[in-house]
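*Asks:* Following is a predicted model, sequence given first.
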Amino acid sequence: MPLTNRNIASIVIAVLSGFALWLLPDHVRGDNRLFGSNGTLLPALALAIILGLSALEVLQSLLAARRSRMPHAEDVAIGRAALFGMLLVTLLAGVFAVLLRPVGYVPVALLLVSALMVGTGGRRPLVVLAVSAVAVAILVVGLRFGLGVHLQLWPSANLWGG
Amino acid sequence: MDALLAGIQNAFALGPLLAIAAGVSIGIFMGAVPGLTAAMAIALLAPITFGMDPLTAVAFLIGIYKGGTFGGSISAILLNVPGSPEATATAFDGYPLSKSGRAKQALQMALFASVCGAILADLMLYAVAGPFSKIALKFGPAELTFVVLFAFTFVAGLTGGSLARGLIACAFGVLCAMVGLDPMSASPRMTFGIVELLDGLPLIPIAIGMLGLAEVMVAAERAFLRRKEVSSDTESSPISATSGPHLSLPEFARHWKTVLRSSLIGSAIGALPGIGASLAAFIGYGTAQKYSKTPEKFGKGTLDGVAAPEAANSAVVGGSFVPLLTLGIPGNVTTALLIGTFLVHGIEPGPHVFKTEPALIYGIFTILFVANFFNLAIGLMGSGLYAHIVKAPEYVSYSIIGLTCMTGVFASTNSIVSLYIMIIFAVIGYLMKKFDYSFVAFLIGFVLAPEFEVSFRSFLLVAQGDPLGLLMTRPIALAFCLLTIVAVLRIVWSEHQRRTRSATSLKNTPDPSSGQKNP
C-alpha cells in the first residue's frame, strides 16, 4: 500500500519524538527519571502524546485507505514550488544571519530584500532596486533615530584585512 | 474608584493616545493587505515596544489588534479577497454591494458595525472582568491545571484539521517551552550546551518566524506557480472606495438588531479559547440571515450581511480579553502574542493583577474603549488611501516583510542565535501550515506551558499520590476536568461524523480506475 505524504510526515514525527523521548533523560540535569515528578515530566508527557497520536494518525489513515478508492484524495502536495519557497527564504535568511556581522547591515539587507523581490515575482530591475534601497533606508533611519538602535551598517575593517 | 480615575488619566496621556493612533493606522493597513494579519503585525512590531512604558506599549498593540480586525474588510469589500480570515464572511455581501456601486456604503457599514460591536464587547469586559477575577483569585494549582488543560483541548480540537493534529501541535508547543531552566529545581533542561537557551526559547523570534517568514515562503511558492500561468493583466481592477452614496445614520440605525445580536455572539465566542473571530463572523452572518425578513437577499449585496460579520468579529477582541486578563489564558494567536509582550513589560496577566495593579488594568480597559474611536476616525479618513495600498504588488509587500522580520528580531535581541531560531521555526511553521497542524494550538501550548508545569507539578505534590482524591475535593477543578472530557468526546464525535460524510461522498464519485459510474 503506497504511503501518502501525510503518512510519511506522521511517521517521521513519531520516529523523531520516540528518539527524543529516549534521549530526554540525558538532557535534563539533576533528578531525571523519565515520567517521575521532576523536570522530565512535562517534556516526556508532551513527547509521548506526539508519539502516540502520530502513530494513531498513521494507523487510522492506513485503515481508511484500505476502504477508500482514492487514498491520495486528501494528501498534501509537496512539489517543486513548495521546495522553492522554503529553500529561497531559508537560504536568503541564513545568508543574512551569517553575513550580518562581517559585512554589515546595509549590504546584506539590500541583498535579502532584492533577492526576495525577484523570488516572489518582481521582474523590473529598476523597481526592485529602488524599492529595496528605500525600504532599507527607512529601516536604518527608523532604527537609529526612532528607536536608538545602532546597527553596524557597513563591512568591518577586519573584513578587508585592516 | 481612585484606581479607575488613575487608569483613565494614564490612558489619556499623549504617549498612549499617539500609540493608539499609530497602532490603529498600522493595524488597518496590515489587515487590509491580503495575507497580512493583525497577529503578524503584532509579532513584527512587538520588539519596538520594548523601549516604551507598559501602558504605551499595550496601547500600540491594542491599536493594531483593533485596526487589523476592521482592516480585513476593506479588501474583502473592494477586491473580494478577504484581507484577514475573519473578513471572509464580509466579502459575501460586501463585494456584491461594491459591484452595484455602493462600495462607500458597504465600507462605512463595516466600519460602524465594527466599532459598535467592539464598544459593546468592551463594555461587557468592564462589567464581567472584575467579578470574574475575584472568583479566579480562589483558583489553586488544581483549578489552574484543569482550566489550562481545558484550554489546550478546546483550542487543539477547534483550530486544526483534527483533534489529534491539534493536540500534537499543542504538545509540541509545550515541549518547546520546556527548553531552559526547570522552574522548580532551576537546573538546565534541553539546552544542548547553548548558553543562550538557558533563558528558554524566545517567543518573539518564534512567532515572527512562524507568522511572518513562513508567509514569505508561501508567497514565494505562489510566485513559482504563477510563472506557468498567463499574465494577470486580465484581472479586473478593484473598485474605488469612494464610489456610491454615503451611509446615513438612520440607515445604519435600521440595522441595530443585527449589530447587537452579532456583538453578543462575538463577545461570548471571544471569551472562549480557540474559537476565534472567523467562526464568530460566520455565526453572526448565519444568525443575521436566519432572523432576517429577507434572507434571500443575503449573498447578493445586503447591508445586514456586512454589519453582522463585522460586528461579531470585532466584538471578539473585547471578549478575548476576559480570559486573558482574569486567568492569564490567551484564546487566540493575537492574545497569545499580547501575553508574551505583557510579560516583557512586567505585566503578568491573571487575577492577581487586578489587586496589584488596578490602575494599569483600568488603563487597559480605557485604551480598549478609546481605540474604537480612533478606529472610527482613521477608518473614515483613510479608507480611500488604504484602498490604494491594497493594490501594492505582492512581491513588494512580502519582501519588505521578510526584511522587517530579520531586522526586527536582530534589533530587539542583538543575537544571531535568535535569527537562527526564527529561521528554524519559519520552516517548522511552513510545514505545519502545509500539513494542517494548528499554529494557534502550538502558540497557546508554548505560552501557557510554564504556568501549566508549575500548577501541574504543585497539584501532584499536594495530591501525595492520590490526584483523583484531591480532584474530588475541588469542585471547580472537577468541573473543568469533566468539561475537558466532554469537549474531547464531542470533538471526536463530530470528526467521526465528518469523516463518515466525506467517505460517503467519495463513494458516490466515479471510480477513477474503472472509469465507470457508481450505481
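*Replies:* Received it, and whenever you're ready, just let me know what you need. Note that this is a predicted model, so its numbers are computed, not measured. Numbers count the residues shown, from 1 in each chain, chains lettered A, B, ... in the order given.
*Asks:* Show the contacting residues for the residue nearest the centre of chain A.
*Replies:* When C-alpha atoms, centre = their mean is applied to chain A, the residue found nearest the centroid is A:T90 (6.9 Å). Neighbouring residues of A:T90 by C-beta atoms under 8 Å, 6 or more residues apart in numbering or on different chains: B:217, B:423, B:426-427. Heads up, the C-betas are built off the backbone N, CA and C, glycines and all.
*Asks:* for A:A135, same thing?
*Replies:* Counted by C-beta under 8 Å, 6+ apart, A:A135 has contacts A:113, B:399-400, B:403.
*Asks:* at 7 Å what do you get?
*Replies:* Contact analysis of A:A135 by C-beta atoms under 7 Å, 6 or more residues apart in numbering or on different chains lists A:113, B:400, B:403.
*Asks:* Highest neighbour count among the residues you listed?
*Replies:* For those, the largest number of neighbours (other C-beta atoms under 10 Å in any protein chain shown) sits with A:V113, at 30 neighbours.
*Asks:* What number of residues are in the vicinity of residue 23?
*Replies:* Just going to use chain A. 11.
*Asks:* I was thinking of chain B, sorry if that wasn't clear
*Replies:* B:G23 has 32 nearby residues by other C-beta under 10 Å.
*Asks:* tell me which element it falls in.
*Replies:* Using DSSP states H and E, B:G23 maps to helix B:14-32.
*Asks:* related to what we said a few turns ago, filter the contacts of A:A135 down to the ones in strands?
*Replies:* In strands, judged by DSSP state E, none of the contacts of A:A135 are found.
*Asks:* before we move on, back to that, three-state assignment of the residue nearest to the centre of chain A?
*Replies:* Secondary structure, DSSP: H, G, I helix; E, B strand; the rest coil: A:T90 is helix.
*Asks:* gap between it and B:G244?
*Replies:* 46 Å (C-beta to C-beta, to the nearest Å).
*Asks:* one step back: and the helix holding B:G23, how far out from the chain middle?
*Replies:* 17 Å (C-alpha atoms, centre = their mean, to the nearest Å).
*Asks:* Other residues contacting the helix or strand following it?
*Replies:* Using DSSP H and E, the helix or strand that follows helix B:14-32 in sequence is helix B:38-45. If you take C-beta under 7 Å, 6+ apart as the criterion, helix B:38-45 is touched by B:26-27, B:30-31, B:61, B:64-65, B:68-69, B:84, B:204, B:207-208, B:211-212, B:215, B:333-334, B:337-338, B:404-405, B:408.
*Asks:* Could you give the backbone dihedrals for B:T191?
*Replies:* As for B:T191, its main-chain torsions (degrees, to the nearest 10) stand at phi -100, psi -10.
*Asks:* List the contacts of it.
*Replies:* Per C-beta under 7 Å, 6+ apart, neighbours of B:T191: B:179-180, B:197-198.
*Asks:* can you list the weak-confidence ranges in chain B?
*Replies:* B:35, B:160, B:228-243, B:274-276, B:387, B:389-391, B:503, B:505-519 (pLDDT under 70).
*Asks:* The stretch 51-200 of chain B: strands as residue ranges?
*Replies:* With DSSP state E, counting those that start in this stretch as the criterion, the stretch 51-200 of chain B has strands at B:180-181, B:188-189.
*Asks:* Point out the most buried one among these.
*Replies:* strand B:188-189 (a mean of 22; mean count of other C-beta atoms under 10 Å in any protein chain shown).
*Asks:* Spell out whether the helix or strand that it is followed by and chain A are in contact.
*Replies:* Downstream of strand B:188-189, the first helix or strand assigned by DSSP H and E is helix B:203-208. No. Helix B:203-208 does not reach chain A (C-beta under 7 Å from any C-beta of the partner chain); its nearest approach is 11.1 Å.
*Asks:* tilt between the very next helix or strand once past helix B:203-208 and helix B:38-45?
*Replies:* Downstream of helix B:203-208, the first helix or strand assigned by DSSP H and E is helix B:214-226. Calculated by axes from the mean of the first three to the mean of the last three C-alpha atoms, to 10 degrees, helix B:214-226 forms an angle of 120 degrees with helix B:38-45.
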